[in-house]
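K.L.:
Pasting the sequence and the predicted coordinates here, then a few questions.
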Amino acid sequence: MIARLAPKVLRIPEGVDDAEVRRLLLQDYQLEIGADLGVMAGKVWRIGLMDYACRKENIFKCLAALDDVLARLHAPVNHGVAIAAARAVYA
């Protein structure tokens, strides 16, 4: 079954360079996430996995890629939590 999900908004962690994260995701994982505009520019990312792209393996790829890039940039986040939560949903 293919789910239809609305794009999700993620708060950019304090001190994390929005553009650098998006650049590394595209360069290393061929994964593009959206930046926001206006008052939310540099504060949130928009991630949309919809229709065919919203398969279990793509969800895990997206979460793992974002976790890896944030870890490499020493972002102040709890690494592995999102992947563990997704695994619990699919269990």
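P.N.:
Yep, it's here.
K.L.:
Check the gap between the residue nearest to the spatial centre of the chain and residue 60 for me.
P.N.:
For the chain, the residue sitting closest to the mean C-alpha position, by CA atoms, centre = their mean, is residue 66 at 4.9 Å. Using CB to CB, to the nearest Å, residue 66 is found at 11 Å from residue 60. For glycine as for every other residue, the C-beta is placed from the backbone atoms N, C-alpha and C.
K.L.:
now for the one helix or strand residue 89 maps to, which elements pack on it?
P.N.:
Using DSSP states H and E, residue 89 sits in helix 81-90. Helices and strands touching helix 81-90, by 3 or more CB pairs under 8 Å, 6 or more residues apart in numbering; DSSP states H and E, are helix 56-72.
K.L.:
related to what we said a few turns ago, can you list the buried residues in the helix holding residue 89?
P.N.:
Applying a neighbour-count criterion of 16 or more other CB atoms under 10 Å, the buried positions in helix 81-90 are 82, 86.
K.L.:
outside of that helix, which residues touch it?
P.N.:
Outside helix 81-90, the residues that touch it by CB atoms under 8 Å, 6 or more residues apart in numbering are 56, 59, 60, 63, 64, 66, 67.
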